[in-house]
Every structure is written in C-alpha cells, then in structure tokens.
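Colleague: give me coordinates for this.
(2 chains)
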2 protein chains.
Amino acid sequence: MKIEKVAVVGTGVIGNGWIARMLAQGYDVVATDPAEGAEGRMRKAVDQSWPFVEALGLAEGASKDRLTFTKDLAEAVQEADFIQENVPEVEELKQMVLQNIDRHAKPDALIGSSTSGIMPSELQANMNHPERFVVAHPFHPVYILPLVEVVPGKQTSTENVERARKFYEGMNMSVLLVRHEIEGHIADRLIEAIWRESLHIVNEGIATTEEVDKAFTHGAGMRYAQYGPFLTFHLAGGEGGMRHMLKQFGPALKKPWTKLEAPELTDELYDKVVSGCEAQSNGMSMSELDQNRNEFLIKLYDLVQEYWPQEQKKTKV
Amino acid sequence: MKIEKVAVVGTGVIGNGWIARMLAQGYDVVATDPAEGAEGRMRKAVDQSWPFVEALGLAEGASKDRLTFTKDLAEAVQEADFIQENVPEVEELKQMVLQNIDRHAKPDALIGSSTSGIMPSELQANMNHPERFVVAHPFHPVYILPLVEVVPGKQTSTENVERARKFYEGMNMSVLLVRHEIEGHIADRLIEAIWRESLHIVNEGIATTEEVDKAFTHGAGMRYAQYGPFLTFHLAGGEGGMRHMLKQFGPALKKPWTKLEAPELTDELYDKVVSGCEAQSNGMSMSELDQNRNEFLIKLYDLVQEYWPQEQKKTKV
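Modeller: Numbering: from 1, shown residues only, chains lettered A, B, ... in the order given. Next up is the predicted model:
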C-alpha cells in the first residue's frame, strides 16, 4: 500500500512539527485536536516553520494548501494511510486515543506514536490491530532535525516495521531502529541523564542555568553535533583511542563525578565499547577522524558564534 | 606582571593542545615531559594542529619557532610567567608535580591545572604559594574549542583569579568561572552522566556504541552546540517555555528513564530554573529564540552532513 494521506493526532509542538515535515514531503495531511483554538495555533506554527522547510527543500507538489483540520478524530483518521499520534505524555490518555485511532482507521493503516518514553508493547496492548503500531519518536524541531527512533512492540509485525522505516526515511529522516524496547528509548535516556545532572548542579547552588548551558554549548556541545559520546572519547584517547581512555578514565567511573552510578567495567563491556568504536569509524584512521573533526569544528565555530544567545545580545543591544 | 613566557608541563593530548593555542597567540612556550620520545610526539602534534590554528587566526609574531622543549621541569618553569600543568589524572602525581612547579617557579608566576575532576583546594594544599593556583580545565581539541572552566581553590587570591581569567580570555577563550568547587567541575559532570548512561545502554544490550552515538549526533547533539540543556527545554515548551516543560515533564523525574536519580523538584528549584532561563534569553522573545535556533540548525545540518563518519563512508568508499 502506497502512503498518500497522513493524519496527525494532537497538535502541540511535536504534532505541528510533523505536520510541517509531512506537508513539505508532499503528503495530504489531516490534523485533529479537540482543544479550543487548536486549528489557529497549528496553522500559525506551520506558517512559522514553512521558510525553514522550504530552505531544506520541498517535494514536488508540496503545499500548505494540502492541510485540512477537523476536531473529529474518527473523521481525521478514517482515510489515512499513516497516522502519527502526539497527545500529551500520559499513558492512560495515549492508550485511550490510540484505541480510538485503531478502531476508526483502515485495518492496514500504520500508526506511529511520538511518545518520548512509554514502551510500544504497553501502548499497543489493547489495540485490535496491534501489529501495525510502532513508537516513532522524533526530536524538536521535527521539521529540521532528521532523527526518529522507531521502536517496535512485542506484537508489531516485521513487515510493518519495514514499512514504517521506509515511510520515515522517505521523509529525509535518519531512522534509528531500537530493537529492545526500554523506557525513554535511547536518546531520551541520555538527554534525561544530562537534564537530571543539570538540575542537581543548579539545585546545589554550584552554578546558574546559564552557566550550565555555557559549560555545554562552548565545549562538549560543539563536539556532539558530529561525534557521539563514544566516538568523542575514542578520539580524546589519541592514537590509543578508546583502549587508552578506558584505562585512563575507567577508574573515574568509581568516583562521585555525577549522581549517576556507573556500570561495572567488565571485560565484556570493555570489548563491546572498544570494538564498537573501531567498527563505527568506518575504516577511517585515527588521524583521519581527527582531521575530519577539526575541519568540522572550525566551520561550526565560525557558524555558531553568530547564533549563541550571548552573542546576539552583543550585536543587538 | 605581563605574561610573555609560558610553560606547559606534560605533553599528552591536552598539553599539546595548549601548546598549539599558546603559540598561536604569540607566546614563547617551553614544554616539558619526562617520557621517552615526548618531544618528537609533541612537535608532530603541534604540526598537525597548526593548519587549524592558522585558520582561526594567528596573533602577530606567532610562530612554531618560539617553542622549546626540555626534559628538566625546573628549567622549564623557572622563567615562566604562566605554567599550565597537564600530567595524568592521578591525584598523588598531580600534587607531586605541582609542588615541584611551585618550588621552581617565580613566586608570582600563575599556575593552572588542566585536571578534569580534582578540586583545586586539594591540589594547592601543599604549595608554598597556593594563592597563585587555579584549576583551568579545557576541552579537547584545546586549540579549537573555546571553553575553559576556571576554578579557584580556598587559598587562591581574588586578584590571581582575575589575572588567570584575563590570560585565558586573551587567548580567545570563553572563561566559565566556577565559584563553588566540586569534583568534575561543571561540564564533566554532564559529560560523565552521558558517558555512564551510554555505558549502561551498551552494557544492557539495548544498542551498540554506533547506535548510541547516532541517537545523539542526529538529534539532541545538533541542538547542544547552540543552546544548552536548560534553554533547549525552555524552547521545547512552546510559548509556555520552561514553566510548561516543568509541568509536563516534572513527573517524568520520578521515572526510571535513566539510572540517575533526580533531585526533588522543589519550589525553590523550580524558580531557579524558570528565572534562569528567562534571564539567559537576553531579552529575546520565545519566537526570536526559536527563529534563531532554526536558522542555526539549517546551516549546521548542511555543514554536519559532510562530516558525519557514516556520510564519509558513503562518499569515500
């Protein structure tokens, strides 16, 4: 079945982000939300994001005119080939809405939920057609950031995971297939760890929110747009890479450097981490990775200085 | 006292990064390291980083020829106005080396330690002139990334904190003055939280190192080069900003989304976080911040696609 018509259920920040991305990719989109004034807020949000989706490139025939709105969920989903759910992060509410979607949608329509933390097996438990459900968790702003975590539940069929993957990839997204469901999936576990530690630092009076943010944006944050936590450590180890880093900083895992208790650095974990880093380097040598990072950082530094809020102030005031 | 001559003690990845930055800023640099072959490795590292410091801009008179090396620590530090220590992260070793530096340096020479986690009051405890010591923790690659965390110990004089701050700012660095010392300072507490959670995810078999990295680089990592954890959440809240986010995601702090226990979201913490975000927005409205982020992300996305290792593979193989 070709996906031509999509429905977006729930028009908050994330739902509206999906709408802009889907319209930009040339789909007919039906949006639904029971809240008073939702349609106006949604159309305003889509208008605001439109110059950015245009800058990224519109698909042929893509148009904001292909967006319709209805307060009636059943009407919104009944003809859709794909339905993206984005209601508030309350499990009971999501389950109720998903059951409604499931009841009114075509039996072979795919359903994705944007939940940031709830596991798919729980959300699909009471559906009539649970095999067509996946978690598909995007990142704000959804119309720019490419990542979507696709997480199948116990009852999701392999075929439908593939269909969902193709759908999101077809929208210029980078699909991270999460094979083992877990609360918070993968990315939000990392984001939540940063968030909690940041709250601890502010709570203990060590630094202000602005100082915590600067500690990140002017250092590690610049690196993380390109290489993730593992490859970053791999490179910080010099020629010895991750092997050297685990030897040098392994003992620090025992220290109270964060409120988070670390796992035991077993031989098995050591091997997974070292061989993982070597594999993901994709045949690039340490010095090629290093060169690549430096070229990127020089250009990024040039770019980001214009956009740090502190610099904005200097320019504008 | 004007700072003209600097000494760098310990020539690993971080020490060599400092050397390149200091040379680029027009200082005379004396490097020292007792290890066999250290000078050759250091000169090679400086050569490799030189095109990048050139791209960022050299100070007048800056030259690699103004770098000398000696194995003798006393000789290296005796005429220096500023000494940067970068020996391995072992407290006893650092204390011993710092005592040696303290003994042989001019009494008013400033001393900075690159320690990533040890508190300055511990490192300065046995110095004859502890008042001239600060922690000055940089980020790899030191010759590109602008951040340095400057942390005074209990015995550091206010005047010397100011002198150190000016020295680092004079080298085009962004100084984050950490007023309350804590293990891991600020940035490494966040980095360590990400690192530990990443290890847990790999340890539990949820994802590979490459998948964890991708979960970061293609989503949150792109945002963190510009806005830190607080401003990112502030913006994800739509018009309601951090107030809305704390209401919506405050309850998630109770959930096991990471291995890290969260602090209690008291009224006091709530106020600190909300007013902090409002202050650091520097008079920009929510929609200005939003616009600013989108403009940045579009340009970053264009840039980073050339530099993600996965994309390198596609191009090169």
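Colleague: quick one, what contacts A:L123?
Modeller: A:E91, A:K94, A:Q95, A:L98, A:S113, A:T115, A:F133, A:V135, A:G153 (Cβ atoms under 8 Å, 6 or more residues apart in numbering or on different chains). C-beta here means a position set from N, CA and C on the backbone, and glycine is covered the same way.
Colleague: show me just the buried residues among the residues you listed.
Modeller: Taking 16 or more other Cβ atoms under 10 Å in any protein chain shown as the criterion, what is buried in the contacts of A:L123 is A:K94, A:Q95, A:L98, A:S113, A:T115, A:F133, A:V135, A:G153.
Colleague: tell me which parts of the stretch 1-150 of chain A are close to chain B?
Modeller: For the stretch 1-150 of chain A, the residues in contact with chain B (Cβ under 8 Å from any Cβ of the partner chain) are A:12-13, A:48-49, A:52, A:55-56, A:88-89, A:117, A:139-141, A:144-147, A:149.
Colleague: looking at the buried ones among the contacts of A:L123, spot the one nearest chain B.
Modeller: Closest to chain B out of these is A:T115 (11.3 Å), distances taken as Cβ to the nearest Cβ.
Colleague: what about A:H185, how many neighbours?
Modeller: Per other Cβ atoms under 10 Å in any protein chain shown, the neighbour tally for A:H185 reads 27.
Colleague: surely it touches A:V151?
Modeller: Yes. With contact defined as Cβ atoms under 8 Å, A:H185 reaches A:V151; the gap is 5.8 Å.
Colleague: between the two, which contacts overlap?
Modeller: Common neighbours of A:H185 and A:V151, using Cβ under 8 Å, 6+ apart, are A:V135, A:H137, A:V178.
Colleague: please flag which of those sit within strands.
Modeller: Among the shared contacts of A:H185 and A:V151, the members falling in strands (DSSP state E) are A:V135, A:H137.
Colleague: return the subset of the contacts of A:L123 lying in strands.
Modeller: Counted as lying in strands by DSSP E, out of the contacts of A:L123, are A:S113, A:F133, A:V135.
Colleague: could you measure from the last one over to A:I118?
Modeller: If I follow you right, that is A:V135. From A:V135 over to A:I118 the distance is 8 Å, taken as Cβ to Cβ, to the nearest Å.
Colleague: and A:H140, by the same measure?
Modeller: 18 Å.
Colleague: hang on, A:V175 is in a helix, isn't it?
Modeller: No. Applying DSSP: H, G, I helix; E, B strand; the rest coil, one finds A:V175 to be strand, outside a helix.
Colleague: quick check: bridge partners of it?
Modeller: Legend: beta-bridge partners of A:V175 under DSSP bridges are A:V148.
Colleague: can you verify my assumption that it contacts A:E162?
Modeller: No. The pair formed by A:V175 and A:E162 falls short of the contact definition of Cβ under 8 Å, at 10.5 Å.
Colleague: can you list the domain ranges for chain A.
Modeller: A:5-177, A:187-316 (automatic domain parsing).
Colleague: hmm, back to that, okay, the ones in strands among the contacts of A:L123 in TSV with pLDDT next?
Modeller: Formatted as TSV, those follow (pLDDT from 0 to 100):
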residue	pLDDT
A:S113	98
A:F133	98
A:V135	98
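Colleague: Throw these into a markdown table and include distance to B:R293, thanks.
Modeller: Below are the ones in strands among the contacts of A:L123 laid out as a markdown table (distance: Cβ to Cβ, whole Å):
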| residue | distance to B:R293 |
| --- | --- |
| A:S113 | 25 |
| A:F133 | 32 |
| A:V135 | 25 |
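Colleague: looking at those, which one is closest to B:L199?
Modeller: A:V135 (23.7 Å; Cβ to Cβ).
Colleague: which secondary structure state does the residue nearest to that closest one when sequence neighbours are not counted sit in?
Modeller: Of all residues not flanking A:V135 in the chain, A:V151 sits nearest, at 4.0 Å (Cβ to Cβ, 6 or more residues apart in numbering or on different chains). Three-state call for A:V151 (three-state DSSP): strand.
Colleague: what is the burial count for A:E79?
Modeller: Using other Cβ under 10 Å, A:E79 has 14 neighbouring residues.
Colleague: ignore what I typed, I meant A:D102.
Modeller: A:D102 has 21 nearby residues by other Cβ under 10 Å.
Colleague: could you list every residue that touches it?
Modeller: A:D102 touches A:I111, A:M127, A:N128, A:H129, A:F133, counting by Cβ under 8 Å, 6+ apart.
Colleague: helix or strand: which one has it?
Modeller: A:D102 belongs to helix A:91-104 when assigned by DSSP states H and E.
Colleague: now distance to B:A279 too, for the domains of chain A, in CSV please.
Modeller: CSV is the format used below for those (distance: least, Cβ to Cβ, whole Å):
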stretch, distance to B:A279
domain A:5-177, 22
domain A:187-316, 7
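Colleague: ranking those by mean pLDDT, which is last?
Modeller: Among those, domain A:187-316 carries the lowest mean pLDDT, a mean of 85.
Colleague: what about it, distance to the chain center?
Modeller: Distance, stretch centre to chain centre, for domain A:187-316: 18 Å (Cα atoms, centre = their mean, to the nearest Å).
Colleague: repeat for stretch A:20-28
Modeller: So, by Cα atoms, centre = their mean, the centroid of stretch A:20-28 is 18 Å from its chain's centroid.
Colleague: what of stretch A:13-24?
Modeller: On Cα atoms, centre = their mean, the centre of stretch A:13-24 falls 14 Å from the chain's centre.
Colleague: please enumerate the strands of the stretch 1-150 of chain A.
Modeller: A:5-9, A:28-32, A:67-70, A:82-85, A:110-113, A:133-138, A:147-152 (DSSP state E, counting those that start in this stretch).
Colleague: just checking: what are the partner strands of the first one?
Modeller: Taking DSSP bridges as the criterion, strand A:5-9 forms sheet pairs with strand A:28-32 (parallel), strand A:82-85 (parallel).
Colleague: could you dump the longest one to PDB, C-alpha only?
Modeller: So the one you mean is strand A:28-32. Taking C-alpha atoms only, strand A:28-32 is exported to PDB below (Å, rounded to 0.1, in the frame of the first residue of the first chain):
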ATOM      1  CA  ASP A  28      -2.100  15.300   2.100                       C
ATOM      2  CA  VAL A  29      -2.300  15.900   5.800                       C
ATOM      3  CA  VAL A  30      -5.400  15.800   8.100                       C
ATOM      4  CA  ALA A  31      -4.800  17.200  11.600                       C
ATOM      5  CA  THR A  32      -7.000  16.800  14.600                       C
END
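Colleague: which parts of chain A are helices?
Modeller: A:13-24, A:38-56, A:73-77, A:91-104, A:120-124, A:158-170, A:187-203, A:209-215, A:221-224, A:229-236, A:241-249, A:267-280, A:286-304, A:309-316 (DSSP state H).
Colleague: list the buried ones in stretch A:138-146?
Modeller: A:P138, A:F139, A:H140, A:P141, A:V142, A:Y143, A:I144, A:L145, A:P146.
Colleague: the closest residue to the first one other than its chain neighbours: how many residues sit nearby?
Modeller: Nearest-residue entry for A:P138: A:V148, 4.9 Å, with adjacent residues in sequence omitted and distances by Cβ to Cβ, 6+ apart. Counted by other Cβ under 10 Å, the residues lying close to A:V148 total 28.
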